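Peer 1: return a 3D structure for these sequence lines:
(2 chains)
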Amino acid sequence: MENLKRAVLMALKNVVDPEVGLDIVTMGLVYDIAINEAGIRVALTLTSRGCPLGETIGSMARESLDGIAGGRAVTLALVWDPPWSPHMITSEGREALRI
Amino acid sequence: MPEPQTADRPTGAYGTTAPFLAKAPPLSIPMRHFAAAAVAFATFAAAFAWGAFGHRLAGAQFQDRFALGLVHTLTLGWITMTLFGAMTQLAPVLWETSLVAEKAVKAAWWLFMIGIIGFVGRLWTGGEYFWPAVPVASAFVLYLYSFLRTMASARQIDWTGKHLALSVGYLVVLATLGLILAYDGPQGRLLDDPETMLVAHVHLALIGWVSLAIMGVSYRLVAMFTLSHLESKTPGRLALALVNIGLIGLTVDCLAFGRRWMPLWAVILACGYAAYAYQVRRIFSARNRKIDPALAYTILAMIGGAVWAALGLSLAFGWLPNESDVRAAYVFCILVGWITPFILGQIHKIVPFLVWLHVYSKGWKPPARLPKMEELTFRPLIWAELTAFAPGVYCGIGGFLTESNPLLEASAALILGAAVLYLANLGITVRHMVMKES
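Peer 2: Sure, this is the predicted structure:
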């Protein structure tokens, strides 16, 4: 399971915000990954409600996960609590942005 | 990782296709507006240069037809065309719905184009200009129909949406006054003192329609582009209240009381702008991005807005004489110093985003790397555009204030250079649509 969780994270790193230039894991947009025999459930957020990239990021995340799910069902949940803030960007991301 | 709370959208709402792309209007709808607006901006820059080098600008009267044509090339062709294009894209996204009545928007675009060309053409070539104003007003009706129906289907109207709804309300009033002024024309068929109505029309357009829309959009887009968060909206709420009070007061005063309390409205409007600027300053203070050309344009716009507020106070209190050159500087400052740099900055973000969304994100397969939006532009050329534009603004304001032809010529040359670079920058982004196809 740990290997699969790592693979899920790697797959989600393919999804890059084209404006910021960081992937959604580094941006801190991935809140939770739950894996069991039946499926993979990923809880995602967006930088703000009404984000113009929202649905595109969702479908790109699904496209990425479908490739590594190995027959498991993939569920994406869009969550708003806690609200995303720039403090959730990883240190690697902050360095890339030179914050 | 924090424990996620209940999703407010059904689990698995994302399909394998991009639902957003199904909701967003076709790329051709916003892009036709932005393309027409870019042509209008270049036309303004060329006509401004023609006027400046022909010494037709310094000392020109407010009712001068060449100056009126210049102003309406900017207000209708550049600014309003851009706002309509941005609203067709932004409103459905903000309100999590679809653009309603796309055909009405397409018809409105054609009517608007015909109206602008006819109206400005008549102003510049002579003759009646009421009839060309009719297709402009008809286009507004169609845009409003689509906008209001889209708003009616919204899941929620956020803060930005409230600004847009108010600005559209002001558009209705200003268009009505504009039609009356166009009918009245040089003959003075209806109005004993058209200037009071003209002052109301100008302020409803530049503050009520355009500035309110910019304020609302900036809270959303500037915060997004700076990776900043609005922790308190209090200054913005104060700005919204003050701007509305000041503008309604000014309009009623102009139309009913002969402009008795203009200093009061000027103070209220200037305070409203100060509160807005403070809100934007807080967004910038909390930013997590480096300043790029688009954000630099926003800063330039904020400075232009402050100069405009100072000129407005100076006119209202009589610190500067209420003469045509000072009024020309005031209008030039709001149009070219405040509104235009804000639009230029946002367009340098919006157009690459639209091209990326519609051209590159479709059919994406991992782990293919997609270009970043920055890679769809050539930043040094955008910086060059900004470097030409910024001094052009202040040479122009100085040129009108001092009736200096050399300053106006310098301004015109710099703004024309910036407009040419702007067209080149748009071309660099838009060519990706062709490159990807081939």
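Peer 1: burial of the residue of the stretch 301-438 of chain B found nearest chain A, as a residue count?
Peer 2: Minimum separation of the stretch 301-438 of chain B from chain A (Cβ to the nearest Cβ) falls at residue B:366, amounting to 4.2 Å. Yep, even glycine has a C-beta here, placed from its N, CA and C like the rest. Other residues lying near residue B:366 total 19 when counted by other Cβ atoms under 10 Å in any protein chain shown.
Peer 1: and if you look at residue B:291?
Peer 2: Neighbourhood size, residue B:291 [other Cβ under 10 Å]: 12.
Peer 1: helix, strand, or coil at it?
Peer 2: coil (DSSP: H, G, I helix; E, B strand; the rest coil).
Peer 1: the residue nearest to it when sequence neighbours are not counted: neighbour count?
Peer 2: What sits nearest to residue B:291 in space, not counting adjacent residues and going by Cβ to Cβ, 6 or more residues apart in numbering or on different chains, is residue B:299, at 7.5 Å. Using other Cβ under 10 Å, residue B:299 has 16 other residues around it.
Peer 1: is it true that residue B:299 touches residue B:292?
Peer 2: No: using Cβ atoms under 8 Å, residue B:299 makes no contact with residue B:292, being 11.1 Å away.
Peer 1: wait, does the helix or strand where residue B:275 lies contact chain A?
Peer 2: According to DSSP states H and E, residue B:275 maps onto helix B:262-285. No: Helix B:262-285 stays clear of chain A (Cβ under 8 Å from any Cβ of the partner chain), getting no nearer than 11.8 Å.
Peer 1: and that helix, what's buried?
Peer 2: B:262, B:265-277, B:279-280, B:282-284 (16 or more other Cβ atoms under 10 Å in any protein chain shown).
Peer 1: packing partners for it?
Peer 2: On a contact count with 3 or more Cβ pairs under 8 Å, 6 or more residues apart in numbering or on different chains; DSSP states H and E, helix B:262-285 meets helix B:212-225, helix B:234-256, helix B:293-317.
Peer 1: for chain B, what is the nearest residue in chain A?
Peer 2: Residue of chain A nearest chain B, by Cβ to the nearest Cβ: residue A:55 (3.0 Å).
Peer 1: can you count the residues close to that residue?
Peer 2: 24.
Peer 1: for it, phi and psi?
Peer 2: Per-residue torsions, residue A:55: phi -70, psi -30 (degrees, to the nearest 10).
Peer 1: for it, give me the pLDDT.
Peer 2: pLDDT, residue A:55: 80.
Peer 1: quick check: it vs residue B:361, distance?
Peer 2: Distance of residue A:55 to residue B:361, computed by Cβ to Cβ, to the nearest Å: 10 Å.
Peer 1: and if you look at residue B:310?
Peer 2: From residue B:310 across to residue B:361, the span is 44 Å (Cβ to Cβ).
Peer 1: at the geometric centre of the chain, which residue do we find?
Peer 2: All of this refers to chain A. residue A:30 (3.9 Å; Cα atoms, centre = their mean).
Peer 1: meant chain B, my bad for not saying
Peer 2: Centroid-nearest residue in chain B: residue B:79, 4.2 Å away (criterion: Cα atoms, centre = their mean).
Peer 1: what packs against the longest helix seen in chain B?
Peer 2: Secondary structure assigned by DSSP state H gives helix B:405-437 as the longest helix of chain B. Packing partners of helix B:405-437 (3+ Cβ pairs under 8 Å, 6+ apart): helix B:28-53, helix B:340-355, helix B:379-402.
Peer 1: so of those, which one's packed in deepest?
Peer 2: Highest mean neighbour count of the helices and strands packed on helix B:405-437: helix B:340-355, a mean of 23 (counted as mean count of other Cβ atoms under 10 Å in any protein chain shown).
Peer 1: how far is that one from where the chain is centred?
Peer 2: Distance, stretch centre to chain centre, for helix B:340-355: 11 Å (Cα atoms, centre = their mean, to the nearest Å).
Peer 1: residues of the stretch 251-400 of chain B that sit close to chain A?
Peer 2: Looking at chain A, the residues of the stretch 251-400 of chain B close enough under Cβ under 8 Å from any Cβ are B:286, B:288-290, B:349, B:353, B:356-357, B:360-361, B:364-367, B:369-374.
Peer 1: which strands and helices sit next to the helix or strand hosting residue A:33?
Peer 2: Using DSSP H and E, residue A:33 sits in strand A:30-35. Applying 3+ Cβ pairs under 8 Å, 6+ apart, we find strand A:30-35 packed against helix A:2-12, strand A:39-44.
Peer 1: right, and those - which one's nearest residue B:341?
Peer 2: Among these, the nearest to residue B:341 by Cβ to Cβ is strand A:39-44 (35.3 Å).
Peer 1: helices and strands around the closest one, which ones?
Peer 2: Contacts defined by 3+ Cβ pairs under 8 Å, 6+ apart place strand A:39-44 against helix A:2-12, strand A:30-35, helix A:54-66, strand A:73-78.
Peer 1: relative to residue B:42, which of the ones you listed is closest?
Peer 2: Evaluated with Cβ to Cβ, these place helix A:54-66 nearest to residue B:42, the distance being 32.1 Å.
Peer 1: what helices and strands are in contact with that closest one?
Peer 2: helix A:2-12, strand A:39-44, strand A:73-78, helix B:19-23.
Peer 1: could you dump those to TSV with distance to residue B:426 and mean neighbour count?
Peer 2: As requested, the helices and strands packed on helix A:54-66 are exported to TSV (distance: least, Cβ to Cβ, whole Å; neighbours: other Cβ atoms under 10 Å in any protein chain shown):
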stretch	distance to residue B:426	mean neighbour count
helix A:2-12	34	15
strand A:39-44	33	21
strand A:73-78	34	18
helix B:19-23	22	15
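Peer 1: next, format those as JSON lines and append distance to residue B:215.
Peer 2: Shown next, in JSON lines, are the helices and strands packed on helix A:54-66 (distance: least, Cβ to Cβ, whole Å):
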{"stretch": "helix A:2-12", "distance to residue B:215": "36"}
{"stretch": "strand A:39-44", "distance to residue B:215": "31"}
{"stretch": "strand A:73-78", "distance to residue B:215": "29"}
{"stretch": "helix B:19-23", "distance to residue B:215": "26"}
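Peer 1: sorry, back to before: would you mind finding the most buried of the helices and strands packed on helix B:262-285?
Peer 2: helix B:212-225 (a mean of 23).
Peer 1: convert it to CSV, retaining C-alpha atoms only.
Peer 2: This file holds the C-alpha atoms of helix B:212-225, laid out as CSV (Å, rounded to 0.1, in the frame of the first residue of the first chain):
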residue,chain,number,x,y,z
LEU,B,212,-16.3,49.2,-10.3
ALA,B,213,-15.8,46.2,-12.7
ILE,B,214,-12.0,46.5,-12.4
MET,B,215,-12.3,46.7,-8.6
GLY,B,216,-14.3,43.5,-8.4
VAL,B,217,-12.1,41.7,-10.9
SER,B,218,-8.9,42.8,-9.2
TYR,B,219,-9.9,41.3,-5.8
ARG,B,220,-10.2,38.0,-7.5
LEU,B,221,-7.6,38.0,-10.2
VAL,B,222,-4.8,40.0,-8.6
ALA,B,223,-5.1,37.8,-5.5
MET,B,224,-4.9,34.7,-7.6
PHE,B,225,-1.9,35.9,-9.7
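Peer 1: the inter-axis angle of that helix versus helix B:340-355?
Peer 2: Angle of helix B:212-225 versus helix B:340-355, following axes from the mean of the first three to the mean of the last three Cα atoms, to 10 degrees, is 60 degrees.
Peer 1: can you give me the offset of helix B:212-225 from its chain's centre?
Peer 2: That offset, for helix B:212-225, works out to 12 Å (Cα atoms, centre = their mean).
Peer 1: go on, stretch B:105-120?
Peer 2: Relative to its parent chain, stretch B:105-120 has a centroid offset of 17 Å by Cα atoms, centre = their mean.
Peer 1: try stretch B:129-141
Peer 2: Per Cα atoms, centre = their mean, the centroid offset for stretch B:129-141 relative to its chain is 20 Å.
Peer 1: mind listing what the residue nearest to the centre of chain B touches?
Peer 2: B:37, B:210, B:335, B:339-340, B:343 (Cβ atoms under 8 Å, 6 or more residues apart in numbering or on different chains).
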